[in-house]
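J.: The amino acid sequence is not available; the structure is as follows:
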């Protein structure tokens, strides 16, 4: 069950934001303190599976051949074969469009070196490098998990942002997602909550409400 303070902060954020003509997300911004982000191990780069989901379709692409491609047929939104990797490498515009359109990428493990060499410059800077999977695995469970996943990254900034769902979701579900995300983030910080200076929640275009 979500914390009452979390529920209250999200309710204030939603109630204070005018209704929009598009499906707004609800987002969290977490500001860190006393963290040296020049040291790579101190940077956050976490994939968090939200317990109540994202509230919207998340698109997953898989680089695969043979049996893995066959198994992914009904689970993935796009299957890229080895031949198509070369086509994308020769068409940077198309590769960039793919990187922007799809939220997560999976790759048959033996294809990772060629993906890194041929598409790394497009996928890497966007945080879209694929997660490897063995050729004999069933990709469906991983793909289902990714559809509920958000990524929390700091890079070299002490503020990290993440969506916790859509405004149309219940306040209780959004709060449960937010509390779970905070647990995952604090578990990765050396001093836990003591490394968090403040945190705010807001809708996509609404005002920020302080949560922590």
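T.: Nice, I can see it. This structure is a prediction, so every number in the text was calculated from the model and none was measured.
J.: Doesn't residue 161 lie inside a strand?
T.: Yes. Assessed with DSSP: H, G, I helix; E, B strand; the rest coil, residue 161 lies in a strand.
J.: residues contacting it?
T.: 27, 28, 29, 30 (C-beta atoms under 8 Å, 6 or more residues apart in numbering). Using the backbone N, CA and C atoms, a C-beta is placed for each residue, glycine as well.
J.: Buried only: go through these for me.
T.: When these are checked for burial by 16 or more other C-beta atoms under 10 Å, the buried set is 27, 28, 30.
J.: ok, so of these, who is nearest residue 1?
T.: Within the buried ones among the contacts of residue 161, proximity to residue 1 (C-beta to C-beta) peaks at residue 28, which comes in at 18.7 Å.
J.: quick one: that closest one and residue 198 touch, right?
T.: No. Counting by C-beta atoms under 8 Å, residue 28 sits too far from residue 198 to count as a contact (11.1 Å).
J.: now, which of the buried ones among the contacts of residue 161 sits nearest residue 4?
T.: When the buried ones among the contacts of residue 161 are compared against residue 4 (criterion: C-beta to C-beta), the nearest one is residue 28, at 17.1 Å.
J.: That closest one and residue 9, how far apart?
T.: 9 Å (C-beta to C-beta, to the nearest Å).
J.: shared neighbours of those two, which are they?
T.: Jointly contacting residue 28 and residue 9 under the rule C-beta under 8 Å, 6+ apart are 201, 211.
J.: which residues make contact with stretch 33-41 from outside it?
T.: Outside of stretch 33-41, the residues within contact range by C-beta under 8 Å, 6+ apart are 42-43, 154-158, 189-191, 194-197.
J.: Of the residues you listed, which belong to strands?
T.: 196, 197 (DSSP state E).
J.: Hmm, residue 160 is touching residue 181, no?
T.: No. In this structure residue 160 lies outside contact range of residue 181 using C-beta under 8 Å: 10.2 Å.
J.: hey, what's in contact with both of the two?
T.: residue 152.
J.: Contacts for the top helix by length along the chain, please.
T.: When the chain is parsed with DSSP state H, its longest helix is helix 171-188. For helix 171-188, the surrounding residues in contact (C-beta under 8 Å, 6+ apart) are 1-3, 6-7, 10-11, 14, 26, 28, 30, 44, 46, 48, 50-52, 150, 152, 160, 162, 164-165, 192-193, 195-196, 199, 201, 211.
J.: when you check the residues you listed against the helices, which ones overlap?
T.: Checked against DSSP H, those include these in helices: 6, 7, 10, 11, 14.
J.: show me what contacts residue 202?
T.: Applying C-beta under 8 Å, 6+ apart, we find residue 202 in contact with 13, 17, 26, 27, 29, 208, 209.
J.: Could you report the distance from the closest residue to the fourth one other than its chain neighbours to residue 88?
T.: Which is residue 27. Residue nearest to residue 27 in three dimensions, not counting chain neighbours: residue 163, with 5.2 Å by C-beta to C-beta, 6 or more residues apart in numbering. As judged by C-beta to C-beta, residue 163 and residue 88 stand 27 Å apart.
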